[in-house]
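Engineer: sequence and predicted structure are below.
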Amino acid sequence: MAARHDILDQPESLVRPLGASLALHALLAASVALYGLLPAARTIPWGDPDSLGGGAIAITPVSKIPLPPRAGPVNPVAADTESQVPAPPAAAKPKPAPPKPVEEADAIPLKSRQAPARPPARAGTRRRAEEPRPEQLYSPGGAAASSPMFGSTSAGSGGVGLGEGNPFGDRFGAYAAILRQMVAAKWNTSQVDPRLQTAPPVIVTFEILRDGSVRNVRILQRSGNATLDYSAQRAILEAAPFPSLPRGFERDVAVIEFWFQLKR
């Protein structure tokens, strides 16, 4: 029986692999040497090479790196020409103002012989004595206070106004004036006989409570004409209620007398 030979049992020669390795190393060394000779392979170190901080970092400038040229149409640039712009016109010089004429000193003014005219004196006006208006109330205790249609007496004995016996006195004169105005506005004598020109005064007495309401309205003195008497009494009732009594008034009830006197 023939013996069997194994290919792995035969020794292999190392000549060919060793030669190929040497050739490859020689080619690599030649490439490194050739790259160092090329200008594009030169680098510029940054930093101080003598510093103690470590080795410098080498950076290749961008301008030394070969780049492919850009393809495309060339953009023509217009030629730079100097523009001719007309110069602005020179500003006209202002004309000098003419000199002002020298004014001569005025002569000394002479006083006129003619005296200035005096304004005409106004003719003196005399006020005519006012005649008493019709249908006003009069009282012997003071002047009458009248409304646009009718008047009201200022006060007789115990009346509202400036007369003696006024329960409000001088302290509450404004309140008394309000009462006169309200009563005078309600006094209507249109129903009285127009032939009656004057008559004795009608005295009406009543009481004003704290809240301004009235009570006990009655005729204290009659004039002799029933229509005139009732018109005076009705004026009090229609004017009520009055404003509340003043806060400083000591009593809660005030007794009032109104005088009504017809005079046409």
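Structural biologist: Perfect, thanks for sending it. Residues are numbered from 1 along each chain as shown.

Engineer: low-scoring stretches of the stretch 151-264 of the chain, by residue?
Structural biologist: Flagging of the stretch 151-264 of the chain using pLDDT under 70 yields the residue ranges 151-166.

Engineer: all helices for the stretch 101-250 of the chain, in order.
Structural biologist: Assigned by DSSP state H, counting those that start in this stretch, the helices in the stretch 101-250 of the chain fall at 173-186, 226-239.

Engineer: quick one: those helices as TSV, columns for mean neighbour count and distance to A29 too.
Structural biologist: The way it works is simple: take the backbone N, C-alpha and C, and place the C-beta from them, glycine included. Formatted as TSV, the helices of the stretch 101-250 of the chain follow (neighbours: other CB atoms under 10 Å; distance: least, CB to CB, whole Å):
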stretch	mean neighbour count	distance to A29
helix 173-186	18	133
helix 226-239	18	140
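
Engineer: looking at the ones you listed, which is closest to A254?
Structural biologist: helix 173-186 (9.4 Å; CB to CB).

Engineer: now distance to L22 too, for the helices of the stretch 101-250 of the chain, in CSV please.
Structural biologist: As requested, the helices of the stretch 101-250 of the chain are exported to CSV (distance: least, CB to CB, whole Å):
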stretch, distance to L22
helix 173-186, 141
helix 226-239, 148
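
Engineer: between these, which gets nearest to V204?
Structural biologist: helix 226-239 (5.2 Å).

Engineer: ok, residues contacting the closest one?
Structural biologist: For helix 226-239, the external contacting residues (CB atoms under 8 Å, 6 or more residues apart in numbering) are 179, 182-189, 191-193, 196, 199, 202, 204, 206, 214, 217-219, 222-223, 258, 260, 262.

Engineer: alright, calling it a day.
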